[in-house]
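1. Here is my input; please provide its structure:
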Amino acid sequence: MGDLEGIRTRLPYLRDLGVDAVWLSPFYASPQADAGYDVADYRAVDPMFGNLLDADALIRDARELGLRIIVDLVPNHSSDQHEWFKRAVAEGPGSPLRERYHFRPGKGENGELPPNDWESIFGGPAWTRVEDGEWYLHLFAPEHDAFRETVRAFLAREVLPHYAQWEKDGIVSREAWRAAGKQGLLGLAVPEEFGGGGTADFRYATVLAEEFTRAGAPGLALGLHNDVIGPYLTGLATEEQKRRWLPGFCDGSLVTAIAMTEPGAGSDLQGIRTHAEDRGDHWLLNGSKTFISNGIIADLVIVVARTTPEGGARGLSLLVVERGMKGFERGRNLDKIGQKAQDTAELFFHDVRVPKENLLGEHNGAFGHLMTNLAQERLSIAVSAIAAAEHLLEITTEYVKEREAFGRPLATKQHIRFEIAEMATECAVTRTFVDRCVEDHCDGGLDAVHASMAKWWATELQKRVADRCLQLHGGYGYMSEYPVARAFTDGRIQTIYGGTTEIMKEIIGRSLLS
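-> Model (predicted):
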């Protein structure tokens with residue numbers, strides 16, 4: 001039923017069912033790190049659910065229908081953004097506000113150890129130390145794992161029930177994009193003033209990539225939208241462009257794509273032929289692109305176009321083409337072997353008049369802009385690749401335990417155990433390296449070489465694991481209703497887009513031997 005207004009409109013139906021009371025999860029203002037239970041302000045409604053007037057109307061109408069409204073609440077589980085908690089930390093030991101929480105002195109000679117070894121519900125230590133030396137208890141943190149639960153709930157509610165239909169249609173519904181925006185899954189790194197999450201912490205994007213991959217739902221291309229295109233809009237757009245595009249980017253009403261690949265040139269920037277002529281108050285754009293993810297559904301496409309004929313890779317600019325521009329046409333929704341829910345299209349530009357104010361970044365600056373964002377794009381692919389490999393290993397491990405051949409489980413055979421052991425070891429080593437790259441990226445230290453290493457190794461591992469896991473499933477692995485079969489075809493593109501394995505090796509080798 002969604003927000004407060006949505007619930008209010010369904011009250012007569014609930015009454016007719018014989019319902020006496022409606023029990024609601026928290027709708028208070030909250031950073032939503034734990035599904036709203038981490039309350040920031042008990043006297044405000046989170047905008048995603050409505051406002052105080054909506055709450056008053058809901059309670060009033062429920063009373064008139066003889067219903068009661070019950071709001072779930074955990075009084076001692078407020079957010080670390082709640083004013084009480086901020087004051088409790090600021091005022092120091094002895095503050096009456098600290099009595100509302102669990103502050104304790106630490107152990108050890110200087111209190112450097114936590115009071116005990118309790119673990120939080122979501123994993124990791126349950127105690128955190130503040131600057132004055134005391135420790136506070138947080139059973140429901142850390143935030144990233146709480147966010148993971150939010151993503152899983154979103155997948156179960158808004159994605160998985162519809163995914164088979166999206167695969168048949170060859171495209172994800174617009175309702176899914178709007179639902180992702182409403183849930184706060186779009187524009188995580190976009191400043192809050194434009195409707196985004198306001199966090200540069202890439203680990204949130206990592207959670208999204210991992211959970212969508214494990215769910216077998218790569219079609220809703222949040223990684224492309226958030227991690228690839230988002231940095232161009234936040235880092236290069238003017239203030240006017242940000243006001244024009246970012247709110248829709250974050251609420252799901254403006255789906256995005258980037259168009260670089262061409263039929264005759266692939267992703268070779270030197271060979272790009274799509275060109276734009278300077279016509280004073282606009283650019284006149286002509287050319288074509290292919291293999292463009294989100295090409296059918298996109299409302300905004302960042303087009304890499306040649307704006308200086310003799311400039312080579314240095315004569316390219318980024319032009320933003322919007323839905324409805326005359327001369328902008330979409331070709332076929334290309335029929336792929338995998339990721340069928342994710343639309344991939346050909347795009348054509350016939351004398352498209354692109355306003356001068358739709359130039360993104362510097363004139364002839366596309367090469368530098370593209371190179372700047374490639375490390376994050378490749379890291380995002382590596383994150384999804386290792387998540388896919390780990391998930392394939394999990395489901396295959398369970399399969400060989402249960403599947404019998406010649407009267408015995410497959411897992412009793414030494415060859416099978418060796419296969420599982422090898423894959424588990426490769427996944428563990430790769431996970432360690434990819435996680436280190438994520439940490440480096442969060443600290444601003446990820447370079448092109450290590451991003452290329454992560455992308456190359458993780459995607460090739462995904463390909464190997466998918467092949468070996470399908471083999472261990474036997475004939476069943478070739479049946480499309482088995483997750484391993486879909487993961488095999490969905491993941492095959494990983495070693496191609498974002499830079500092929502061969503390009504990754506070239507980048508690494510050139511760096512080491514230059």
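2. drop to CA atoms for contacts and neighbour counts, all remaining ones
-> Will do.
3. Angles on the backbone of the closest residue in space to Arg129 that isn't next to it in sequence, please.
-> The shortest distance from Arg129 to any non-neighbouring residue, by C-alpha to C-alpha, 6 or more residues apart in numbering, is to Trp135 (4.2 Å). The phi/psi pair for Trp135 (degrees, to the nearest 10) reads phi -120, psi 140.
4. Low-confidence bits of the chain, can you list those?
-> 1-2, 33-34, 74-79, 81, 120-124, 139-146, 266-267 (pLDDT under 70).
5. before we move on, what SS does the residue nearest the centre of it have?
-> The centre of the chain sits closest to Leu208, judged by C-alpha atoms, centre = their mean, with a distance of 3.7 Å. State at Leu208, reduced to three classes by DSSP: H, G, I helix; E, B strand; the rest coil: helix.
6. residue contacts, the closest residue to it other than its chain neighbours?
-> If you skip the residues right next to it in sequence, Leu208 has Val151 as its closest partner in space, 6.7 Å away by C-alpha to C-alpha, 6+ apart. Contacts for Val151 were tallied using C-alpha atoms under 8 Å, 6 or more residues apart in numbering; they are Val207, Leu208, Glu211.
7. domains in this protein, as residue ranges please.
-> Listed domain ranges for the chain are 4-71, 83-141, 144-251, 256-364, 368-513 (source: automatic domain parsing).
8. chain center to stretch 17-26: distance?
-> Average the C-alpha atoms of stretch 17-26, do the same for its chain, and the two points are 33 Å apart (C-alpha atoms, centre = their mean, to the nearest Å).
9. what about that stretch, how long is it end to end?
-> One end of stretch 17-26 to the other measures 24 Å (C-alpha to C-alpha, to the nearest Å).
10. Look at the residue lying closest to Glu158 once chain neighbours are set aside and say how many residues are nearby.
-> With C-alpha to C-alpha, 6+ apart as the criterion, Glu158 has its nearest non-adjacent residue at 6.6 Å, and that residue is Ala176. The local packing count at Ala176 equals 15, with neighbours defined by other C-alpha atoms under 10 Å.
11. Next: the one 4 residues further on.
-> For Ala180, the tally of surrounding residues (other C-alpha under 10 Å) stands at 22.
12. by contact count, what packs against whichever strand or helix holds it?
-> Ala180 belongs to helix 174-183 when elements are defined using DSSP states H and E. Based on contacts counted as 3 or more C-alpha pairs under 8 Å, 6 or more residues apart in numbering; DSSP states H and E, the elements that helix 174-183 packs against are helix 239-251.
13. next helix or strand past the helix it packs on?
-> Per DSSP H and E, helix 239-251 leads on to strand 256-259 as the next helix or strand towards the C-terminus.
14. what does that following strand rub up against?
-> Outside strand 256-259, the residues that touch it by C-alpha under 8 Å, 6+ apart are 224-225, 229, 249, 289-290, 292-295, 298-304.
15. What strands flank it, and is each parallel or antiparallel?
-> As defined by DSSP bridges, the strand partners of strand 256-259 come to strand 300-306 (parallel).
16. still on that earlier bit, isn't the residue nearest to Arg129 up against Arg98?
-> No: using C-alpha atoms under 8 Å, Trp135 is not in contact with Arg98; the gap is 10.9 Å.
17. Who has more neighbours out of these two?
-> Trp135 (23 against 19).
18. can you pull the contacts of that one?
-> Under the criterion of C-alpha under 8 Å, 6+ apart, the contact partners of Trp135 comprise Phe103, Arg104, Pro105, Gly106, Pro114, Pro115, Trp127, Thr128, Arg129.
19. Mind doing that once more with 7 Å?
-> The neighbours of Trp135, taking C-alpha atoms under 7 Å, 6 or more residues apart in numbering as the test, are Phe103, Arg104, Pro105, Gly106, Pro114, Trp127, Thr128, Arg129.
20. mind checking the end-to-end distance for stretch 298-309?
-> End-to-end distance of stretch 298-309: 28 Å, with C-alpha to C-alpha as the criterion.
21. Okay, buried residues for it please.
-> Along stretch 298-309, these residues count as buried under the neighbour rule (16 or more other C-alpha atoms under 10 Å): Ala298, Asp299, Leu300, Val301, Ile302, Val303, Val304, Ala305, Arg306, Thr307, Thr308.
22. The fourth one: what's its closest spatial neighbour, skipping adjacent residues?
-> When you say that, I think you mean Val301. With sequence-adjacent residues excluded and distances taken as C-alpha to C-alpha, 6+ apart, Val301 is closest to Ala257, at 4.8 Å.
23. can I get the CA coordinates of stretch 404-413 in PDB?
-> Coordinates of each C-alpha in stretch 404-413 appear next as PDB, following Å, rounded to 0.1, in the frame of the first residue of the first chain:
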ATOM      1  CA  GLU A 404      22.900 -38.500  -6.100                       C
ATOM      2  CA  ALA A 405      24.600 -40.500  -8.800                       C
ATOM      3  CA  PHE A 406      25.000 -44.300  -8.600                       C
ATOM      4  CA  GLY A 407      23.400 -44.300  -5.200                       C
ATOM      5  CA  ARG A 408      25.700 -41.700  -3.500                       C
ATOM      6  CA  PRO A 409      25.700 -37.900  -3.300                       C
ATOM      7  CA  LEU A 410      28.000 -36.200  -5.700                       C
ATOM      8  CA  ALA A 411      29.800 -34.600  -2.800                       C
ATOM      9  CA  THR A 412      31.200 -37.900  -1.800                       C
ATOM     10  CA  LYS A 413      33.400 -38.100  -4.900                       C
END
